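Peer 1: Sequence and predicted structure below; questions after.
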Amino acid sequence: VLAGSLNGLILPIALGIMLIASSRVDIIGTYKHAKWLKYAGYFVVIIAIIAGYQSMSGIVQFFK
């Protein structure tokens, strides 16, 4: 359960990094990522961070 909670914090960070990288011309060249997909991805990152935080706070209370 602890590993799953930590994974829930790591995955949104990785997705956020990939979304930032999808905007950099020096990384992807002339490819244009759809703006609605980028914004949907940022929304998912925010929701996943909130869910991960709530999961970790529940884990902390479980071990007290």
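Peer 2: Ah, there it is.

Peer 1: which residues in the protein form helices?
Peer 2: 2-21, 25-28, 35-63 (DSSP state H).

Peer 1: In JSON lines, list the ones you listed along with mean neighbour count and mean pLDDT.
Peer 2: Every residue, glycine included, has its C-beta placed from N, CA and C. As requested, these are arranged in JSON lines below (neighbours: other C-beta atoms under 10 Å; pLDDT from 0 to 100):
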{"stretch": "helix 2-21", "mean neighbour count": "13", "mean pLDDT": "87"}
{"stretch": "helix 25-28", "mean neighbour count": "9", "mean pLDDT": "89"}
{"stretch": "helix 35-63", "mean neighbour count": "13", "mean pLDDT": "86"}
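
Peer 1: ok, the residue nearest to the spatial centre of the chain - contacts?
Peer 2: What sits nearest the mean C-alpha location of the chain, by C-alpha atoms, centre = their mean, is Pro12, with 1.5 Å. By C-beta atoms under 8 Å, 6 or more residues apart in numbering, the contact set of Pro12 is 44-45, 48-49, 52.

Peer 1: now those as a markdown table including distance to Lys64?
Peer 2: Formatted as a markdown table, these follow (distance: C-beta to C-beta, whole Å):
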| residue | distance to Lys64 |
| --- | --- |
| Val44 | 31 |
| Val45 | 29 |
| Ala48 | 25 |
| Ile49 | 23 |
| Gly52 | 19 |
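
Peer 1: just those now: which is nearest Ser5?
Peer 2: Ranked by distance to Ser5 (C-beta to C-beta), the contacts of Pro12 are led by Gly52 at 6.9 Å.

Peer 1: Next one: the closest one relative to Ala3, how far apart?
Peer 2: 13 Å (C-beta to C-beta, to the nearest Å).

Peer 1: can you check Leu9 too?
Peer 2: Leu9 is 11 Å from Ala3, by C-beta to C-beta.
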